[in-house]
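S.K.: what follows is a predicted structure for the sequence shown.
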Amino acid sequence: MAINQKQLRKERRQKRVRAKIIGTSQAPRLSVFRSANHIYAQLIDDAQAKTLISVSDSALSQKGNKISLAQALGKLIGEKARAKKIKKIVFDRGSYQYHGRVKALAEGAREAGLEF
């Protein structure tokens, strides 16, 4: 019972955040998924329902703690976005709080030149 309630609360938070965020081809949505061991990020064009770029920390060759990997992942997605001439994005934290790995990924993307 508790697991179902926890899942429902997470889904409500996610819907509340995504109701305010829409990605377009000019400013795609940077969606973050965080598991216990890994972190994933995607640039999504909601108008065409297409994933433009997707990266995960398993694609990185470096080792380190989870926060440094998240920041490196943000830099990687920023570089890939700049290669596709994407400069402006909308950040979608999903149901996660904006701290820790999620914040590090966002800061890494900003360092790579993406504007939120």
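M.R.: Good, I have the coordinates.

S.K.: rest of the way, CA atoms for contacts and neighbours
M.R.: Will do.

S.K.: torsion angles phi and psi at the residue nearest the centre of the chain?
M.R.: By C-alpha atoms, centre = their mean, the chain has its centre lying nearest to V32, at 2.7 Å. The phi and psi values for V32, taken as degrees, to the nearest 10, are phi -120, psi 130.

S.K.: please name the bridge partners of it.
M.R.: Counting by DSSP bridges, V32 forms beta bridges with A41.

S.K.: surely it and V102 touch.
M.R.: Yes: with contacts counted by C-alpha atoms under 8 Å, V32 reaches V102, the gap being 7.2 Å.

S.K.: spit out the residues that contact these two alike.
M.R.: In terms of C-alpha atoms under 8 Å, 6 or more residues apart in numbering, V32 and V102 are both contacted by the residues R93.

S.K.: quick check: R82 is in a helix.
M.R.: Yes: under DSSP: H, G, I helix; E, B strand; the rest coil, R82 falls within a helix.

S.K.: which ones are touching it?
M.R.: R82 neighbours (C-alpha under 8 Å, 6+ apart): 113-114.

S.K.: how close does it sit to Q14?
M.R.: 27 Å (C-alpha to C-alpha, to the nearest Å).

S.K.: ok, Q97 next?
M.R.: 11 Å.

S.K.: those two - which one has more neighbours?
M.R.: Neighbour totals were compared for Q97 and Q14, and Q14 leads with 16 against 11 (other C-alpha atoms under 10 Å).

S.K.: now the more buried one. Nearest residue, chain neighbours left out?
M.R.: S95 (4.4 Å; C-alpha to C-alpha, 6 or more residues apart in numbering).

S.K.: residues near the one you found, how many?
M.R.: Counted with other C-alpha under 10 Å, S95 comes out at 19.
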